[in-house]
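In: got a structure for you, letters missing:
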């Protein structure tokens, strides 16, 4: 693993918090995920950075060395970002937007809308399954905006100086092969799927834990969860190997139906992130408004989501 700025920010956050538990809360991570990330960082640097104890963590000699470097490197990078923003806004600079996003149709829909409302702006894109990686790219000034998300009301991906605005909140639906016994149901209870195997795309937030907790409340433990890319997930569902978890805006796919889960035990909050100093207010407002309109357009193309929304409208 190559050391990145986001890794230095993680080390800094652990030192500032004084414990992995408090640092995980501040970063919006599960504590086991942060512990695993710290172990990878320590392997990359060649030794332990912190001594663990009952009352928290304390930096080792190597840890103190790394922390001393972060006090120099991180402010220097922030200053570089600010200088780059000033340069980009100077007369003669090329109008461009660098957008990032996770899997799903929302990023493409936003690019399409921006091409209509601002054809003179050159838009480039970057995708990642990791919301935390996207947050790191924003913090490093390598992206202008990023579409990411959180499970339910969880905190947004953590990185210093980032601003997150809500685009929309979707229920999480289940994907079934057309021949499944529950394919014609209007909604499906988790208990009805207790004997199934599952598939979802990977992420570094708390979605997996939230799903496991929802199943536990329903009285069962998932038999197996395949974490894989979207294409492989679709294949596993089409051939009946697994049922899939997806956001309600996932587009219609041949051989597959998507259905709501009874009681909406899981939800996904779409967020648009930016660095606090990277864009002016007008640009930020425009991109946010177009992201919300893009989401509305994507939702309107999903029959199952449209029916779910209609059933919840107040007469």
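Out: Noted; the coordinates are in hand. Computed from a prediction, not measured in an experiment: that's the story for all the values here.

In: What is the neighbour count of residue 36?
Out: Residue 36 has 12 neighbouring residues, counting by other CB atoms under 10 Å. All C-beta spots, glycine's among them, are computed from the backbone N, C-alpha and C.

In: Can you spell out which helices and strands pack onto the helix or strand hosting it?
Out: Secondary structure assigned from DSSP states H and E places residue 36 in helix 31-45. With contacts defined as 3 or more CB pairs under 8 Å, 6 or more residues apart in numbering; DSSP states H and E, helix 31-45 has these neighbours: helix 5-17, helix 20-27.

In: Would you mind listing the buried residues in stretch 231-244?
Out: Of all the residues in stretch 231-244, those buried under the rule 16 or more other CB atoms under 10 Å are 233, 234, 236, 237, 238, 242, 243, 244.

In: Could you list which of those residues belong to helices?
Out: 233, 234, 236, 237, 238 (DSSP state H).

In: Quick check: chain neighbours aside, which residue is closest to residue 290?
Out: residue 113 (4.4 Å; CB to CB, 6 or more residues apart in numbering).

In: same thing with residue 202?
Out: Residue 202 sits nearest to residue 227 (CB to CB, 6+ apart), 4.5 Å away.

In: Please enumerate the helices of this structure.
Out: Using DSSP H, helices in the chain cover 5-17, 20-27, 31-45, 61-88, 106-117, 131-139, 207-218, 230-238, 281-300, 303-311.

In: quick one: average pLDDT of the fifth one?
Out: Helix 106-117 carries an average pLDDT of 93.

In: Can you give the contact residues for it?
Out: Identification of contacts with helix 106-117 by CB atoms under 8 Å, 6 or more residues apart in numbering yields 97, 99-101, 121, 123, 125, 127, 147, 167, 249, 270, 286-287, 290-291, 293-295, 297-298.

In: got the angle between it and helix 281-300?
Out: 120 degrees (axes from the mean of the first three to the mean of the last three CA atoms, to 10 degrees).

In: what's the answer for the first one, then?
Out: Orientation check (the same axes, to 10 degrees): helix 5-17 against helix 281-300 gives 100 degrees.

In: The shortest one too?
Out: Going by the same axes, to 10 degrees, helix 20-27 is angled at 90 degrees with respect to helix 281-300.

In: Give me the buried positions along helix 20-27.
Out: Buried-residue list, helix 20-27, by 16+ other CB under 10 Å: 20, 22, 23, 24, 25, 27.

In: quick one: the last one from residue 305, how far?
Out: Translated: residue 27. 32 Å (CB to CB, to the nearest Å).

In: what residues are up against residue 9?
Out: Residue 9 sits next to 70, 74, 136, 139, 159, 160 when contact means CB under 8 Å, 6+ apart.

In: per-residue pLDDT, it?
Out: Residue 9 is assigned 88 on the pLDDT scale.

In: which residues does the closest residue to residue 250 other than its chain neighbours bridge with?
Out: Distances taken as CB to CB, 6+ apart put residue 258 closest to residue 250, at 6.1 Å, once the chain neighbours are dropped. Counting by DSSP bridges, residue 258 forms beta bridges with residue 175.

In: Surely residue 258 touches residue 177?
Out: No - Residue 258 is beyond contact range of residue 177, at 11.3 Å (criterion: CB atoms under 8 Å).

In: Good, we can wrap up now.
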